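Trainee: this one's sequence-less:
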């Protein structure tokens, strides 16, 4: 039985204008539905393949602020989200999440600033701007990871060292075991190693499930580590 908060998404392309750039994203072109059966779902693919666009649409359609934060965040510094959120219908499960967070690497500074503005005596600020970028990134994630929560993370590894990525991996895995659901866009071969996660690849012209070892993040990393001298010699001398 599927216990996820978001069990699928259906696309209505009649609500997308013919001249929209969304129609030029090959992986998204004419897709009708995606199903989500795992507590952790990854979106992987080359830059510009549409994975962050879909994650953003899921977040906005579910009620999150386009720039990130909890559902209580209501601010805008630069309105850039696509119209895809208006053309999808989310299939919800029988459970309702108790908490949620939309984390975007690109707008983290704005969200951290807004967090300070929202703070009061009962809800003091975590003062993310007073920490290093990596420390604040991990602290924000850890402060918001709770049981029975819904989390959408866009490149959460962006500011994290490999060691901190392992820490985040453990936190995500623990939280998923406690009834939470995650959608994560990532290029990190470390995070992608979370056991039993579903990995949707946006490469090769369509969205499809793939194995960990089939991801480009894994293959390129493995090739570089195992053949570093040969690869560098070829890249830097040709």
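Mentor: On my side now, so go ahead. Nothing here was measured: the structure is a model prediction, and the numbers come from that model.
Trainee: does the closest residue to residue 89 other than its chain neighbours sit in a helix, a strand or a coil?
Mentor: Among residues not flanking residue 89 along the chain, residue 10 sits closest, at 4.6 Å (C-beta to C-beta, 6 or more residues apart in numbering). C-beta: built from backbone N, CA, C; applies to glycine. In three-state terms, and counting by DSSP: H, G, I helix; E, B strand; the rest coil, residue 10 is strand.
Trainee: right, and residue 10 touches residue 91 too?
Mentor: Yes. Counting by C-beta atoms under 8 Å, residue 10 does reach residue 91; the two are 6.9 Å apart.
Trainee: Okay, now the unreliable bits of this protein?
Mentor: Low-confidence segments of the chain, defined by pLDDT under 70: 72-81, 105-121, 123-131, 133, 238.
Trainee: Assumed residue 101 was part of a helix.
Mentor: No. Counting by three-state DSSP, residue 101 is not part of a helix but strand.
Trainee: How about it: which residues does it bridge to?
Mentor: residue 151 (DSSP bridges).
Trainee: wait, what's in contact with the residue nearest to residue 89?
Mentor: Going by C-beta atoms under 8 Å, 6 or more residues apart in numbering, residue 10 touches 32-33, 88-89, 91.
Trainee: how far away is it from residue 87?
Mentor: Distance from residue 10 to residue 87, counting by C-beta to C-beta, to the nearest Å: 10 Å.
Trainee: And for residue 102?
Mentor: Distance from residue 102 to residue 87, by C-beta to C-beta: 19 Å.
Trainee: Equivalent analysis for residue 21, please.
Mentor: Residue 21 sits 13 Å away from residue 87 when distances are taken as C-beta to C-beta.
Trainee: Of these two, which one has the most company?
Mentor: Neighbours per residue (other C-beta atoms under 10 Å) separate residue 21 from residue 87, with residue 87 holding more: 19 against 11.
Trainee: would you list every one of the strands in this structure?
Mentor: 6-11, 33-35, 40-44, 88-92, 99-104, 149-154, 181-185, 198-201, 208-210 (DSSP state E).
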